[in-house]
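Novice: 3D model of this:
(one chain, ligands or ions: 1)
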Amino acid sequence: MDVGNPLQRIRQLTLALNEHNHRYYVLNAPSISDKQFDLLLKELEQLEKAHPDLVQPDSPSLRIGSDLTKEFAAVVHKYPMLSLSNTYSEGELRDFDQRVRKGVGNTAEYVCELKFDGVAIGLTYRNGLLEQAATRGDGTQGDDVTVNIKTIRSIPLKVREKEYPKEFEIRGEVYLTHAQFDKINAQRIEEGEDPFANPRNAAAGSLKLLDPAEVVHRGLTCYLYNLLSETPPHNNHYDNMMAAKTWGLRVPEYMARCKTLDDVLDFINNWDTDRKHLPFDIDGVVIKVNSIEHQQQLGFTAKSPRWAIAYKFAAEQALTKLLSIDYQVGRTGAITPVANLQPVLLSGTMVKRASLHNADIISQLDVRIGDTVIVEKGGEIIPKIVEVELSLRPRNSSPVAFIAHCPECGTALLRNEGEAAHFCPSEDGCPPQIKGKLEHFISRRAMNIDSLGEGKIALLYDKGLAKNVADLYDLEYNDLLGLEKVIESPETGKSKMISFREKTVENILNGIETSKLAPFHKVLFALGIRHVGETVAKKVTAHVGNLDRLISATNDELTAIPDIGERIAASIKDYFSNSAHLQIIERLRAHGLKFSSEKPASTSRNRLGGKSFVVSGVFSGYSRDGIKKAIEDNGGKIVSAISSKTDFVLAGENMGPEKKKKALELGIPIISEAEFDSMIG
Ligand code: IVH
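Specialist: Numbers count the residues shown, from 1 in each chain. The predicted structure follows:
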């Protein structure tokens, strides 16, 4: 290939590969297939070999990727955790076989195994007890994820009473079955979170959860495929695996000893077809030299053993036409271009749509409407376009012009420096984002209103009953009874009917009422302030004690809170500087949501915080004077006429129609006696 200026190409490849590594290992959101990555890396390695003086100091060829995170303690690996050299070609397998036979002679025997597509893990057992579990990290040191690994039921905490080495490490792969992956994603969608792109990302994300109690629910499992010990029971890999099996460790079921390369190729070809029937993902076959002595003779390169190689299956591809591009707006406002394709059969399913990820990918591919494209199905749910068949391009085509305005609300799109995705900044005015905020608010880890879900939220939104989170607390029985709608799941294409009968309505209203007991940190998290996740919300609330102090906190006060940096502080300040947000918060406060983590002092009852009330009508639990006294005793003020300064109209039976009209005109919340009772506790 003519590479033009090698320095320029080396720089370009280094930059691109580092970005892809970051997406893969840190963001768990790769945007190219493993094969594309490997091809780019190979191109870089070849160029670097030809021009060693041009190797960039940050070249990805100098290291293997890293999954290190700062939340877990670092563990230095006793044996470096290397990767495997990869190939997609039979020719390179033949070269491997020849190198092996040249090194150790013709008696070499191989063990073929499946290449599980999950997360590498090293388990150390001492005196039969699981002592430590570590991720690969950068190969030299990894993250100590012992507490999380201990939640995985297929990993014994103690091996069975058999002859086992006093100390050994066994490495393997933590993965998710397809069924478990689907379950996790369905739940994430229900809770308003973005689904994982594939089981590997979901497994990686799960292993790095900070709460082991959460990890249990992910249903991770594990295959162990490499025994490391000073005193292994046998002199070959296969027998060691069989021994590990008797210790109660889960070793791969499908392993074959092969004496010739033809046997190896048979194993590969069989699994290239049969993998479709496995309940989990594999991305190839690993071929290992069986004898430990042979392994030692062959040794290692800086990155991988010379006694093993991974043969990767190419993702299945199909040729079809790009008909048009849709732009989807996510719950966070991110815009994702999606290709509409002429339907084509791929890996047994009819494919009509493919992900185009972002504007960069569109221009890198230079894909145009009308182009014939190659689509590929990797581990992802939705296939991707990997290449354009330029020879078939229609003559009059032109490059895709990425949209400039949000297709949902028309707001001009923005793109942050260093970020790939365009986004719609109209957080509070863009329908999918508003629904996303509502879904987040009701989700289990936030206000936990489980009687509402994605479908019901969509229905309330579409009927104009919930345009923001405060509206949920204004819902009344008669607003809800009888509402119905047919909804179609974008994931499955199946439709179902939602209809609000008596019981549903009661459950919804009870759920909303109970949510008022949620502690301050959950309420703060539920508001969906950018960068304020659960942990940050806990830290912030523990520090400031109540909302008013948070609203008035300066940047310095915020950044003085442990783990709160400039980015989070700026986001909090930005959120509270928006008057629409403050209005919503005041309404939530009036409905009795907790905006303080402090215990109320029994002497100063200031639950109403100086709010002004107009009282109208008759009340069942109070006399006219009684209710006024209750307002004043709780720190509220009574005013006689409704004005724009009035905070609430407290309405009893037979409220005067003029007052009601005025309150509605000015948008003053009209609260019932029951609501007033819950405000004052
Ligand atoms: S053996 C020194 N066996 O593939 C090499 N690895 O690309 C030890 N993998 O880091 C690895 N299935 O995470 C081995 N049956 C298998 C495997 C396997 C998946 C992963 C592993 C490794 C990566 C290398």
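
Novice: Which parts of the stretch 401-550 of the chain are helices?
Specialist: 431-442, 454-462, 477-480, 502-515, 520-526, 534-544, 547-552 (DSSP state H, counting those that start in this stretch).

Novice: and of those, who's closest to Ser577?
Specialist: When those are ranked by distance to Ser577, counting by CB to CB, first place goes to helix 547-552 at 9.3 Å. C-beta: built from backbone N, CA, C; applies to glycine.

Novice: any idea of the mean pLDDT for that closest one?
Specialist: Across helix 547-552, pLDDT averages out at 95.

Novice: chain center to it: distance?
Specialist: Here the centre of mass of C-alpha atoms in helix 547-552, compared against the chain's by CA atoms, centre = their mean, to the nearest Å, lies 31 Å away.

Novice: What of stretch 152-159?
Specialist: Its chain's C-alpha centre lies 27 Å from the corresponding centre of stretch 152-159 when counted by CA atoms, centre = their mean.

Novice: what does the average pLDDT come to for that stretch?
Specialist: Along stretch 152-159, the predicted confidence averages to a pLDDT of 88.

Novice: tell me which residues of it are tucked away?
Specialist: Taking 16 or more other CB atoms under 10 Å as the neighbour-count basis, stretch 152-159 is seen to contain the buried residues Ile152, Ile155, Pro156, Val159.

Novice: same question, stretch 643-650
Specialist: When neighbours are counted by 16+ other CB under 10 Å, the buried residues of stretch 643-650 are found to be Thr646, Asp647, Phe648, Val649, Leu650.

Novice: Just the endpoints, please. Distance across that stretch?
Specialist: Its start and end residues considered, stretch 643-650 measures 14 Å (CA to CA, to the nearest Å).

Novice: circling back to that earlier point, Asp144 is nearest to which of the helices of the stretch 401-550 of the chain?
Specialist: helix 534-544 (18.9 Å).

Novice: Give the rounded mean pLDDT of the closest one.
Specialist: Per-residue pLDDT values over helix 534-544 give a mean of 91.

Novice: That one - contacts with which helices or strands?
Specialist: Contacting helix 534-544 under the criterion 3 or more CB pairs under 8 Å, 6 or more residues apart in numbering; DSSP states H and E are the following elements: helix 520-526, helix 547-552.

Novice: same thing but at 6 Å, please
Specialist: Helices and strands touching helix 534-544, by 3 or more CB pairs under 6 Å, 6 or more residues apart in numbering; DSSP states H and E, are helix 520-526.

Novice: what residues does the helix it packs on touch?
Specialist: By CB atoms under 6 Å, 6 or more residues apart in numbering, the surrounding residues in contact with helix 520-526 are Phe441, Ala446, Met447, Glu534, Ala537, Lys538, Thr541, Leu593, Lys594, Phe595, Ser596, Ser597.

Novice: how about the residues you listed in JSON lines, adding neighbour count and distance to the ligand?
Specialist: Conversion of the contacts of helix 520-526 to JSON lines gives the following (neighbours: other CB atoms under 10 Å; distance: CB to the nearest ligand atom, whole Å):
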{"residue": "Phe441", "neighbour count": "25", "distance to the ligand": "39"}
{"residue": "Ala446", "neighbour count": "24", "distance to the ligand": "35"}
{"residue": "Met447", "neighbour count": "25", "distance to the ligand": "39"}
{"residue": "Glu534", "neighbour count": "15", "distance to the ligand": "30"}
{"residue": "Ala537", "neighbour count": "22", "distance to the ligand": "35"}
{"residue": "Lys538", "neighbour count": "17", "distance to the ligand": "34"}
{"residue": "Thr541", "neighbour count": "24", "distance to the ligand": "40"}
{"residue": "Leu593", "neighbour count": "23", "distance to the ligand": "46"}
{"residue": "Lys594", "neighbour count": "19", "distance to the ligand": "46"}
{"residue": "Phe595", "neighbour count": "19", "distance to the ligand": "47"}
{"residue": "Ser596", "neighbour count": "18", "distance to the ligand": "48"}
{"residue": "Ser597", "neighbour count": "18", "distance to the ligand": "44"}
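
Novice: Please identify which of the helices of the stretch 401-550 of the chain is closest to Gly142.
Specialist: helix 534-544 (22.4 Å).

Novice: Dihedrals phi and psi, the closest residue to the ligand within the stretch 551-681 of the chain?
Specialist: The ligand sits closest to Asp563 of the stretch 551-681 of the chain, with a gap of 31.5 Å, by CB to the nearest ligand atom. Dihedral angles phi and psi of Asp563 (degrees, to the nearest 10) take the values phi 70, psi 0.

Novice: Going by residue numbers, what spans are strands in the stretch 151-300 of the chain?
Specialist: For the stretch 151-300 of the chain, the strands defined by DSSP state E, counting those that start in this stretch cover 167-175, 221-228, 255-258, 282-289.

Novice: Please name the strands paired to the shortest one in the sheet, noting orientation.
Specialist: What it means is strand 255-258. Strand 255-258 pairs in its sheet with strand 110-116 (antiparallel), by DSSP bridges.

Novice: Same check on the second one?
Specialist: Listed by DSSP bridges, the sheet partners of strand 221-228 and their directions read strand 167-175 (antiparallel).

Novice: What's the local residue count around the residue of the stretch 551-681 of the chain closest to the ligand?
Specialist: Using other CB atoms under 10 Å, Asp563 has 10 other residues around it.

Novice: one step back: in TSV, list the contacts of helix 520-526 along with distance to Val147.
Specialist: Shown next, in TSV, are these (distance: CB to CB, whole Å):
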residue	distance to Val147
Phe441	30
Ala446	25
Met447	28
Glu534	18
Ala537	23
Lys538	19
Thr541	25
Leu593	33
Lys594	31
Phe595	33
Ser596	33
Ser597	27
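
Novice: Identify the residue spatially nearest to Asp471, adjacent ones excluded.
Specialist: Nearest residue to Asp471, sequence neighbours excluded (CB to CB, 6 or more residues apart in numbering): Leu465, at 6.6 Å.

Novice: and if you look at Asn654?
Specialist: The shortest distance from Asn654 to any residue other than its chain neighbours is 5.2 Å, reached at Gly617 (CB to CB, 6+ apart).

Novice: picking that back up, could you point out which of the helices of the stretch 401-550 of the chain sits nearest Asp274?
Specialist: Proximity to Asp274, assessed across the helices of the stretch 401-550 of the chain by CB to CB, is greatest for helix 454-462 (36.6 Å).

Novice: list the helices and strands that closest one packs on?
Specialist: Taking 3+ CB pairs under 6 Å, 6+ apart as the contact cut, helix 454-462 packs with helix 431-442.

Novice: which other residues reach the helix it packs on?
Specialist: Identification of contacts with helix 431-442 by CB under 6 Å, 6+ apart yields 192, 329, 331, 333, 408, 427, 447, 449, 452, 454, 457, 461, 466, 469, 526, 528.
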